[in-house]
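>>> I'd like to go over a predicted model; first the sequence, then the structure.
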Amino acid sequence: MTQSKLFIQTYGCQMNEYDSDKMSDVLKASHSLELTNKPEDADVLLLNTCSIREKAQEKLFSQLGRWRKLKEKNPEIVIGVGGCVASQEGNLILKRAPYVDMIFGPQTLHRLPILLDQVNSKKDSSIDISFPEIEKFDHLPKPSVSNVSAYVTIMEGCSKYCTFCVVPYTRGEEISRPFNDIIDEVSILASQGVKEVNLLGQNVNAYRGSMDDGEIADLALLISIVSEIDGIERIRFTTSHPVEFSDRLIDVYAEVPELVSHIHLPIQSGSDKILNLMKRGHTALEYKSKIKRLREIRPNISISSDFIIGFPGETDEDFTHTMNLIREIKFDKSFSFIYSQRPGTPASTFVDDTELTLKKERLAILQNEIDLYTDEISKSMVGSIQKVLIEGFNNKGSDLYGKTENMRNTHVEGGSELIGQIVNVEITSARNNSLIGKVLN
């Protein structure tokens, strides 16, 4: 069977986006499949799943139900499910959706060409949800991008085993890529015009990569060396865990100007009791101490975080501690969700006796408070000069858009010669979700 078009639907975080790009790369190299943005035009449909957020399974089977209709019209279409839900629920997916042809985990996406060949040859479902550690990076094509910003995965998995989290069970324990492999990938991206790299990992600051001399590099060293690569002008990393947000890593903010003044550092709760139940391994005071040190080095650094509301055992007092933490730190943004059980996690056995209506009330209070700080910070940027990485023209094709270091979408007038450049922009006004500015010569 000849297949020419590939469609990928991605749910989840930046690592899932990175993995989807690699799925496209391997199938283009092996089967000459070209991406399409229309599922009805595709010969191969891939769904890259995420099990972190609520109702992950429902989203999965809802999407598969829509694709089933396409397959009924054309039985030759190949449907594949990858990512964390696939790793966790492989056999269940086949049981509920027997028309699915391929199931693969985050660590086996590089085997997609083999799985596709198996499906084409025997017309039967192929499954590979094993954990071959870091093997996939040795079998991926050289990176190729057309954007000025790119993701680079530097490690996989997590060994923290927070009681609410499925990541250790769906992506395995922490495995770091060799130091030189990452440097080589970033160098290739820089040669293609990439100006900004975002170093990715489920617990990225636990990076411990082997070097050719037998020594082990931490994230601080990796950032320092990446900053020396010709063409790289901005460095980000996500997602961090407070326990391993070390003094050495904080010091890099004083040493490496290419490291942006923005950090996403999830805390989940401001209550020490809840943090202990979550098995986070730190207190609210320890978290605040790290932020204090960061702000001593970068006074205007933007801080975003994650919060889980309504974790089993959360009382009004616990929620008050969380709100007090938010008011003290004044987070720029947050990813905040009501707690939902994840099968197989320790927290799924905890007694959860808080009414859903109360959880929703708390979530609304928290989000409204952080929205105030987001708006306040945006308005405070009016009149300032910000470094903006220009990424391209907006949908109307009239104005350019780019991002500030603190992730504000910014719109300016200018020509195509600015695309891919970091320019000084005077911010003239702030909207709800973006900034307006003018480029300074």
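Received, thanks.

>>> Quick check: the gap between the residue lying farthest from the centre of the chain and Arg68.
Computed with Cα atoms, centre = their mean, the residue of the chain farthest from its C-alpha average is Lys122, at 35.8 Å. Going from Lys122 to Arg68 by Cβ to Cβ, to the nearest Å gives 21 Å. For the C-beta atoms, the positions are set from N, CA and C on the backbone; glycine is no exception.

>>> Hmm, Lys160 and Gly281 touching each other?
Yes - Gly281 lies in contact with Lys160 (Cβ atoms under 8 Å); the separation is 7.0 Å.

>>> Counting neighbours, go ahead and name the busier of these two.
Neighbours were counted for Gly281 and for Lys160 using other Cβ atoms under 10 Å; Lys160 has more, 20 against 15.

>>> And that one, its phi and psi?
Main-chain dihedrals, Lys160, degrees, to the nearest 10: phi -80, psi -30.

>>> residues contacting it?
Neighbouring residues of Lys160 by Cβ atoms under 8 Å, 6 or more residues apart in numbering: Pro168, Asn203, His241, Val243, Lys279, Arg280, Gly281.

>>> Give me the distance between the fifth one and Ser269.
Pointing back at Lys279 there. Distance, Lys279 to Ser269, by Cβ to Cβ: 12 Å.

>>> which one of the two has more residues nearby?
More neighbours surround Ser269 than the other of Lys279 and Ser269, with 25 against 14 (other Cβ under 10 Å).

>>> Distance from the chain centre to whichever strand or helix holds Ile365, please.
Element membership of Ile365, judged by DSSP states H and E, is helix 356-380. With Cα atoms, centre = their mean, to the nearest Å as the basis, helix 356-380 stands 22 Å off its chain's centre.

>>> From the contact counts, what lies against it?
Using 3 or more Cβ pairs under 8 Å, 6 or more residues apart in numbering; DSSP states H and E, the elements in contact with helix 356-380 are strand 302-309, helix 316-329, strand 333-338, strand 422-430.

>>> In contact with the nearest residue in space to Ser271 that is not next to it in sequence, which residues?
Nearest non-adjacent residue to Ser271, counting by Cβ to Cβ, 6 or more residues apart in numbering: Asp318, 3.7 Å away. Taking Cβ under 8 Å, 6+ apart as the criterion, Asp318 is in contact with Ser269, Ser271, Lys273, Ile274.

>>> Let me see the ranges of the helices in the stretch 151-300 of the chain.
Ranges of helices in the stretch 151-300 of the chain, per DSSP state H, counting those that start in this stretch, are 167-170, 179-191, 219-226, 247-255, 272-277, 284-297.

>>> Please identify the deepest-packed of those.
Of the helices of the stretch 151-300 of the chain, the one with the most neighbours on average (mean count of other Cβ atoms under 10 Å) is helix 167-170, at a mean of 22.

>>> Confirm Gln9 sits in a helix?
No - assigned with DSSP: H, G, I helix; E, B strand; the rest coil, Gln9 falls outside any helix and is strand.

>>> gap between it and Lys73?
Distance of Gln9 to Lys73, given as Cβ to Cβ: 18 Å.

>>> Who has more neighbours out of the two?
Relative neighbour count places Gln9 above the other of Gln9 and Lys73, with 17 against 8, counting by other Cβ under 10 Å.

>>> Report the secondary structure state of the spatially closest residue to that one that is not a sequence neighbour.
Leaving out its chain neighbours, the residue that sits closest to Gln9 by Cβ to Cβ, 6+ apart is Leu47, at 5.0 Å. Under three-state DSSP, the three-state class of Leu47 is strand.

>>> Surely Leu47 is in contact with Val81?
Yes - judged on Cβ under 8 Å, Leu47 makes contact with Val81 at a distance of 5.0 Å.

>>> joint contacts of those two?
Shared contacts of Leu47 and Val81, defined by Cβ under 8 Å, 6+ apart, are found at Leu60, Leu64.

>>> Neighbour count for the two, which is higher?
Set side by side, Leu47 and Val81 show more neighbours around Val81, with 29 against 24, by other Cβ under 10 Å.

>>> The more buried one: what's it in contact with?
Residues counted as contacts of Val81 (Cβ under 8 Å, 6+ apart) are Leu46, Leu47, Thr49, Leu60, Leu64, Ile93, Val100, Met102, Ile103, Phe104.

>>> same thing with Asn368?
Asn368 sits next to no residue when contact means Cβ under 8 Å, 6+ apart.

>>> Ile326 versus that one, what's the distance?
Asn368 sits at a distance of 11 Å from Ile326 (criterion: Cβ to Cβ).

>>> Give me the below-cutoff pLDDT ranges for the stretch 51-200 of the chain.
Residue ranges of the stretch 51-200 of the chain with pLDDT under 70: 52-56, 123-124, 131-136, 139.

>>> For it, which segments count as strands?
All strands of the stretch 51-200 of the chain, identified by DSSP state E, counting those that start in this stretch, fall at 78-83, 102-104, 126-128, 149-153, 155-156, 175-176, 196-200.

>>> What pairs with the longest one, parallel or antiparallel?
Sheet neighbours of strand 78-83, with direction, are listed as strand 44-49 (parallel), strand 102-104 (parallel) (DSSP bridges).

>>> Dump it to CSV, restricted to CA.
Taking C-alpha atoms only, strand 78-83 is exported to CSV below (Å, rounded to 0.1, in the frame of the first residue of the first chain):
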residue,chain,number,x,y,z
VAL,A,78,-3.8,3.5,9.4
ILE,A,79,-4.6,4.8,12.9
GLY,A,80,-2.0,5.0,15.6
VAL,A,81,-2.0,6.0,19.2
GLY,A,82,1.2,7.1,21.0
GLY,A,83,2.2,9.0,24.1
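
>>> Name the residues of that strand that are buried.
By 16 or more other Cβ atoms under 10 Å, the buried positions in strand 78-83 come out as Val78, Ile79, Gly80, Val81, Gly82, Gly83.

>>> now it: how far from the chain's centre is it?
Mean-position distance between strand 78-83 and its chain equals 20 Å (Cα atoms, centre = their mean).

>>> try the fourth one
Relative to the mean C-alpha coordinate of its chain, strand 149-153 is positioned 10 Å out (Cα atoms, centre = their mean).

>>> ok but Ile390 is inside a helix, no?
No - under three-state DSSP, Ile390 falls outside any helix and is assigned strand.

>>> List the contacts of it.
Contact analysis of Ile390 by Cβ under 8 Å, 6+ apart lists Val148, Leu400, Tyr401, Gly402, Val412, Gly414, Leu418, Ile419, Gly420, Gln421, Ile422, Val423.
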